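*Asks:* the sequence and its predicted three-dimensional model are supplied below.
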Amino acid sequence: MRVELDKKALFALASDTRLEILRALEPTRRTVSQLAESVNIDKAAIHRHLKKLEEGGFVKRFEDHGFVYYGLSWKARDILAPNENTKVIIVLSCSWVLILGALAFTVLGFSANTYSRSAEMGQGDATGIYHDLFVADGSLPLWIIPTIILAVAAVVLVIFALRKVRRPKQSLPAPERDLSESS
């Protein structure tokens, strides 16, 4: 995925303070007060910088339970960590391949069962490797096992990809301890 930067985006990235704000927003969404505390700048200046970052398309505003949080947009995430989206795309592609494999085993299994039934009725010969691979002598056809394995693997990969794509929830920063109080 390509990130295109226009004039407003380049202007938003032209400040070291704004880059510091983007790095502070990388792990989680934060309020203006939390950003002011972590970057050591007053709230009014943080608010002005956030407006410039929002105009450049790097920051999104979220309202949750009466609080206003700011978080990174996809454009900012691609600039800070460009490989993350690529990993998600690869995982989703692998899950589609697994789903197609499961469907292929299902189709081949049903066609082998149909072929086996027609042979039992005297309409064909049910011998050969095709019959042996997809039709078991017992009650469970052999094609069900790889189909279930491929389907479960696909579901696991989709869940993994969705967890990577999901927006980070607001987490409270760890309380900072004053070392002078403990001594």
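*Replies:* That came through, no problem. Residues are numbered from 1 along each chain as shown.

*Asks:* what about L162, how many neighbours?
*Replies:* 12 (other C-beta atoms under 10 Å). Just so you know, the C-beta spots here come from the backbone N, C-alpha and C atoms, and that holds for glycine as well.

*Asks:* tell me the secondary structure at it.
*Replies:* helix (DSSP: H, G, I helix; E, B strand; the rest coil).

*Asks:* look up how far V155 lies from it.
*Replies:* Per C-beta to C-beta, to the nearest Å, L162 is found 11 Å from V155.

*Asks:* what about Y70, which helix or strand?
*Replies:* Y70 belongs to strand 67-72 when assigned by DSSP states H and E.

*Asks:* who's L72 bridged to?
*Replies:* V59 (DSSP bridges).

*Asks:* shouldn't it be in contact with A24?
*Replies:* No: judged on C-beta atoms under 8 Å, L72 makes no contact with A24 at a distance of 10.1 Å.

*Asks:* in this protein, which spans are helices?
*Replies:* 7-12, 16-25, 32-39, 43-55, 74-80, 83-120, 129-134, 144-165, 179-182 (DSSP state H).

*Asks:* one step back: what mean pLDDT does the strand holding Y70 get?
*Replies:* For strand 67-72, mean pLDDT is 91.

*Asks:* now for K52, how many residues are close by?
*Replies:* K52: 19 neighbours (other C-beta under 10 Å).

*Asks:* next one: it from K164, what distance?
*Replies:* For K52, the distance to K164 (C-beta to C-beta) stands at 29 Å.

*Asks:* grab the nearest non-local neighbour of A24.
*Replies:* S38 (4.9 Å; C-beta to C-beta, 6 or more residues apart in numbering).

*Asks:* gap between the one you found and V32?
*Replies:* Taking C-beta to C-beta, one finds S38 at 11 Å from V32.

*Asks:* follow-up on the earlier one: which helices and strands does the strand holding Y70 pack with?
*Replies:* helix 16-25, helix 32-39, strand 59-64 (3 or more C-beta pairs under 8 Å, 6 or more residues apart in numbering; DSSP states H and E).
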